[in-house]
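**Student:** got a predicted structure here, sequence first:
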Number of protein chains: 2
Amino acid sequence: MTANREKEQFLAYLRAAGHRVTSERLALFDEIFAQHGHIDAEELHAAMRSRGLKISRATVYRNLDLLVLSGLASKQRLGGTGDRRFLYEHLHRGQHHDHLVCASCGRVVEFVSPGIVALQTEICRAHGFAPGHHTLEIRGLCNACAAPGMVLGLGRPVVAEPVGGGIGV
Amino acid sequence: MTANREKEQFLAYLRAAGHRVTSERLALFDEIFAQHGHIDAEELHAAMRSRGLKISRATVYRNLDLLVLSGLASKQRLGGTGDRRFLYEHLHRGQHHDHLVCASCGRVVEFVSPGIVALQTEICRAHGFAPGHHTLEIRGLCNACAAPGMVLGLGRPVVAEPVGGGIGV
DNA sequence: TAGATATTGAGATCGAGTCTCAATAAGGTG
DNA sequence: CACCTTATTGAGACTCGATCTCAATATCTA
């Protein structure tokens, strides 16, 4: 089993919050940690059913929220104004990243930038806000789509190296 | 009438795109430019009806998309995972800004940061993307909500001074 | 092991946004 | 200006992601 450390964190969260440890919650945890990249609730539900697990749609939705509250999954809409569904992805130990999305083929690249963190701190300070978290989505054209005459291909999200470390304000 | 320059731009867009100039489109333009800050389609529709204008819900939705395409309005969800509806706001001459949202009272502060623009350019370059645009939402606690024992008040969006000008990567 | 109650499942419901299609009106043409 | 073509509108049906209801079930506590 992968993600043992994260599973411990999930169990600790459930107990601390007074929630019960059910087989459905454990199965959902396993499923989202078995998935690569972003996936929506319906796809997650279908994936579990196709593995022979019996779990209802409502339970998937309910428990995804718990995973987010536990800090082990993120829930956000990606893709600008074309975002109909929430997408979920598992997180490792609170590591935050942002997204670069190709406006043409939808390919998603994840990146970590210390610069944006510094920027967030500075902007909050300037406006008297206590910093929380941020979501940054950059949209553009990936190299494949920017090349003339290319047919689009939907790639898999890639975790990228940190870019830039200086203060950005 | 306010926003004459913008209205010219809207008319020019309509004609260039082969769309007709209808009274509904002009009324919707007037309404969104008469509004402060962010407003959703239903509220916009209700506001127009309450002024005695006869316009249908479907027409509001359809023409808001045109306003966005013309570059005169932005359409985005704000408020993290609590974002059920799209919010619209009018823009002045393509000026881009981002949002600082209070996680407690929902107050929205708009800010302009050259740093984030530089960051966007650098990150796109590092990953072989042609830069497009970005959306950055920072969530935190405003000074009123961070103060202990305060009752929350829902403020109006404020356009803030640019913060920071250095390269932020 | 039994009892209290949180959780589940199936399906109803909600709600933001889109679609359909007949009626209307914008704007080009003679 | 009057006519004609056709984009646009309005009313309401529809879509579909997400939430809610409530009886049945499973978890945890004592």
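**Tutor:** Good, I have the coordinates.
**Student:** got the contact list for A:Arg93?
**Tutor:** Residues in contact with A:Arg93 (CB atoms under 8 Å, 6 or more residues apart in numbering or on different chains) are A:Arg5, A:Glu6. Just so you know, the C-beta spots here come from the backbone N, C-alpha and C atoms, and that holds for glycine as well.
**Student:** tell me how far it lies from A:Ala58.
**Tutor:** Remark: distance between A:Arg93 and A:Ala58 (CB to CB, to the nearest Å) = 30 Å.
**Student:** then A:Thr121?
**Tutor:** 40 Å.
**Student:** who's more crowded, the two?
**Tutor:** A:Thr121 (16 against 9; other CB atoms under 10 Å in any protein chain shown).
**Student:** so where is chain A shaky, pLDDT-wise?
**Tutor:** Within chain A, the set of residues satisfying pLDDT under 70 comprises A:1-2, A:81, A:94, A:148-169.
**Student:** what about the strands in it?
**Tutor:** Assigned by DSSP state E, the strands in chain A fall at A:39-40, A:73-76, A:87-90, A:98-102, A:108-111, A:130-141, A:158-159.
**Student:** can you list these in TSV and add distance to A:Leu64 and mean neighbour count?
**Tutor:** Written out in TSV, the entries for those read as follows (distance: least, CB to CB, whole Å; neighbours: other CB atoms under 10 Å in any protein chain shown):
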stretch	distance to A:Leu64	mean neighbour count
strand A:39-40	10	17
strand A:73-76	7	19
strand A:87-90	6	20
strand A:98-102	19	23
strand A:108-111	19	21
strand A:130-141	17	20
strand A:158-159	21	13
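**Student:** need the residues of chain A near DNA strand D, please.
**Tutor:** A:20-23, A:40-42, A:57-58, A:61, A:65, A:84-86 (CB under 7 Å from any atom of the strand).
**Student:** just the ones in helices from these, please.
**Tutor:** A:Ser23, A:Ala41, A:Glu42, A:Arg57, A:Ala58, A:Tyr61, A:Asp65 (DSSP state H).
**Student:** measure the fifth one to B:Arg93 for me?
**Tutor:** It refers to A:Ala58. On the measure of CB to CB, A:Ala58 and B:Arg93 end up 47 Å apart.
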